[in-house]
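Undergrad: Here's my sequence, what's the structure:
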Amino acid sequence: MHWSAEVQGQTVEVWLDLDAEGKAQAIRATVGKPGNALGLVLECVWRAASVCLAAGVPLPQVLKGLRGHRSSPSGRTSDPLVPECLTLCDYVARAVEKRVQAMAEAPASEIRTTAALVP
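TA: Now for the predicted structure:
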């Protein structure tokens, strides 16, 4: 599953890799041009989160540790599922959480392509 959003002029690209049962396997996120400092930090955070998932840490527990911290960029986003965030990590964690929740709540007969979950 892939989506992008704007946060304070920064474009955040997010990939959520799911297995056949819909369980999160990895999360990747980038911001800005390749090689920028903010993007490298974000990439490291989500690589560590993916290692936690691979080690069996439940997704809600991984996301809980990455929500709620304050830093710039923050504020309004272009994502209607997460209209405001405290940091880019806060945005990604909350956006993943909302999309996984939407998939879990959708009846099996109404599961759509991941594009239907992307604003």
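
Undergrad: mind checking the SS state of S4?
TA: Three-state call for S4 (DSSP: H, G, I helix; E, B strand; the rest coil): strand.

Undergrad: What does the closest residue to it other than its chain neighbours show for phi and psi?
TA: Spatial nearest neighbour of S4, chain neighbours left out: E13 (4.8 Å); criterion: C-beta to C-beta, 6 or more residues apart in numbering. Heads up, the C-betas are built off the backbone N, CA and C, glycines and all. When read as degrees, to the nearest 10, the backbone of E13 gives phi -110, psi 130.

Undergrad: check contacts around E13.
TA: Contact partners of E13, counting by C-beta atoms under 8 Å, 6 or more residues apart in numbering, are 2-4, 29-31.

Undergrad: so which of these is the most crowded?
TA: Highest neighbour count within the contacts of E13, by other C-beta atoms under 10 Å: A29, with 24 neighbours.

Undergrad: State the distance from that residue to D19.
TA: Distance of A29 to D19, given as C-beta to C-beta, to the nearest Å: 19 Å.

Undergrad: how about the helices of the chain, start to end?
TA: For the chain, the helices defined by DSSP state H cover 37-54, 59-64, 88-105.
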